[in-house]
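[1] fold the following and give me the result.
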Amino acid sequence: MKTSTDRMLTRIKSIYLYIKQRGTVTTNELVEEFGITQRTIQRDLNVLEYNNLVESPTRGKWSARKKKTQVS
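    Numbers count the residues shown, from 1 in each chain. As a prediction, this is how the structure comes out:
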């Protein structure tokens, strides 16, 4: 069984890949796509933003930064 940290990291990676594939997404779109609360999505986005992987050009919209990344 995966630990809660493993599940969180898997979810954050999935969110990042989703944003990268779609270009720009809204917070509500992420809530609907991943079936988790808006607060959880916001926490995950904060992790991605802190690590300079996503940015919010306008409130409630998110896009991946133009940065070369390697996802394992």
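[2] tell me the centre residue of the chain?
    In the chain, the residue lying closest to the centroid (C-alpha atoms, centre = their mean) is Ile15, at 3.6 Å.
[3] ok, residues contacting stretch 23-32?
    Stretch 23-32 has contacts (C-beta atoms under 8 Å, 6 or more residues apart in numbering) with 15, 18-19, 37-38, 41-42, 45, 57, 60-64. C-beta coordinates here come from the backbone N, C-alpha and C atoms, glycine included.
[4] which residues does Gln38 contact?
    27-28, 31.
[5] about what we covered before: of the contacts of stretch 23-32, buried ones?
    Buried residues within these, counting neighbours by 16 or more other C-beta atoms under 10 Å: 15, 18-19, 41, 45, 62-64.
[6] so who does Ile12 touch?
    44, 47-48.
[7] name the element it belongs to?
    helix 4-22 (DSSP states H and E).
[8] how about that helix: buried residues?
    So, applying 16+ other C-beta under 10 Å, buried residues of helix 4-22: 12, 15-16, 18-20.
[9] of those residues, which is the nearest to Thr5?
    Using C-beta to C-beta, Ile12 comes nearest to Thr5 of those, at 10.5 Å.
[10] can you show me the helices along the chain?
    Assigned by DSSP state H, the helices in the chain fall at 4-22, 27-34, 38-50.
[11] and those as TSV, adding mean pLDDT?
    As requested, those are exported to TSV (pLDDT from 0 to 100):
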stretch	mean pLDDT
helix 4-22	94
helix 27-34	96
helix 38-50	96
